[in-house]
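[1] Compute the structure for the input listed below.
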Amino acid sequence: MKILVVDDHYATARLLKRFFEREGHDVCVFPNASWCLPEFRKSRFDVAFIDIILGDDLTNGLELASELKRRDPDLRLNLMSAFWSYSDRVMCAGFGELVRKPFELEALHSKLINGKRDSVEK
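    Residues are numbered from 1 along each chain as shown. Here you go, the predicted structure:
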């Protein structure tokens with residue numbers, strides 16, 4: 001499975017990359033929308049994990065997710081945040097439930113493989 005991770009927090013992005021690669025997946029990591037969009041135009045991804053707050057980027061994770069979904073309606077999107085207050089926005093935007101940080105990696109992988117909406121928070 002080809003996985004896209006967009007997170008400006010280096011440690012989180014690296015953790016997800018290492019974990020999913022150990023599980024046999026191909027993972028591309030970007031710190032923001034500006035770096036992600038050119039690669040997204042060239043490659044096909046099966047699933048994306050996108051942080052809602054992308055630091056100093058002009059595009060937030062919800063805007064990026066909307067653009068990626070517009071370009072590839074089959075892309076499975078997972079939006080992440082440590083702030084639970086974004087949960088309603090994510091649901092209203094049609095992206096399912098928010099992946100709350102910190103999360104359990106094994107539960108996150110199960111969600112990835114099975115397409116489940118299980119709880120992945122610690």
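
[2] neighbours of residue 94, just the number please.
    Residue 94 has 10 neighbours, counted by other Cβ atoms under 10 Å. All C-beta spots, glycine's among them, are computed from the backbone N, C-alpha and C.

[3] So it: helix, strand or coil?
    Three-state secondary structure (criterion: DSSP: H, G, I helix; E, B strand; the rest coil) places residue 94 in coil.

[4] Low-confidence bits of this protein, can you list those?
    Scanning the chain with the threshold set as pLDDT under 70 gives 116-122.

[5] residue ranges of the strands in the chain, please?
    Listed in chain order, the strands of the chain (DSSP state E) span 2-6, 26-30, 47-51, 76-81, 99-100.

[6] Could you export these to a markdown table, including columns for mean neighbour count?
    Converted to a markdown table, these look like this (neighbours: other Cβ atoms under 10 Å):
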| stretch | mean neighbour count |
| --- | --- |
| strand 2-6 | 22 |
| strand 26-30 | 18 |
| strand 47-51 | 23 |
| strand 76-81 | 22 |
| strand 99-100 | 20 |
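
[7] Good, we can wrap up now.
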